[in-house]
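*Asks:* Here is a sequence with its predicted model. Questions after.
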Amino acid sequence: MTTLLKPIGKNILVKLHETSNVTKGGIILQNLRTKREQRASVIAVGSQVENCKVGDEILFNDGKFRIIKGDMVPDTTHDYAIMLDDDVIGLFS
């Protein structure tokens, strides 16, 4: 995927994972205030990023990111965000 937005410094661009509103048992949750899953895939990294690389799946600190939409990312079917490398609290292996 070609990324139009190139993070600089300690910033990373991530594709946010979607939160399912259906439980494993098939119950549909109607709560509109469900929390966003704190898991994402790293799409691009700035030059000073040390903790993760492109392709990593990360766990991040909720509330510490900015949603990116529109012309800055080529795929508008998913939510993307930009955040600081320091906001990554874990890597999935």
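*Replies:* Good, I have the coordinates.

*Asks:* pLDDT wise, what is Met83 at?
*Replies:* pLDDT recorded at Met83 is 92.

*Asks:* Contact partners for it?
*Replies:* Residues in contact with Met83 (CB atoms under 8 Å, 6 or more residues apart in numbering) are Asn11, Ile12, Val14, Phe60, Lys64, Phe65, Arg66. Quick note: C-beta positions are derived from backbone N, CA and C, even for glycine.

*Asks:* Please name the bridge partners of it.
*Replies:* Using DSSP bridges, the bridge partners assigned to Met83 are Ile12.

*Asks:* Low-confidence stretches in this protein?
*Replies:* Scanning the chain for pLDDT under 70 picks out 1-3, 19-21, 30-37, 70-76.

*Asks:* Let's see that with 90 instead.
*Replies:* 1-6, 15-39, 51, 61-81, 86, 93 (pLDDT under 90).

*Asks:* Quick check: which element contains the residue located most distally from the centre of the chain?
*Replies:* The outermost residue of the chain relative to its centre, with distances by CA atoms, centre = their mean, is Gly25 at 26.7 Å. For Gly25, there is no helix or strand it lies in under DSSP states H and E.

*Asks:* CA-only coordinates of stretch 85-93, as PDB, when you get a sec.
*Replies:* Taking Å, rounded to 0.1, in the frame of the first residue of the first chain, the C-alpha atoms of stretch 85-93 are listed here in PDB:
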ATOM      1  CA  ASP A  85       6.200   6.000  19.500                       C
ATOM      2  CA  ASP A  86       6.000   6.500  23.300                       C
ATOM      3  CA  ASP A  87       2.300   5.700  23.300                       C
ATOM      4  CA  VAL A  88       2.900   2.100  22.200                       C
ATOM      5  CA  ILE A  89       2.700   0.000  25.300                       C
ATOM      6  CA  GLY A  90       3.200  -3.400  23.800                       C
ATOM      7  CA  LEU A  91       3.900  -5.500  20.700                       C
ATOM      8  CA  PHE A  92       1.900  -8.700  19.700                       C
ATOM      9  CA  SER A  93       4.100 -11.600  18.600                       C
END
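
*Asks:* How about residues contacting that stretch?
*Replies:* 10-12, 39, 45-46, 48-52, 56-61, 64-65.
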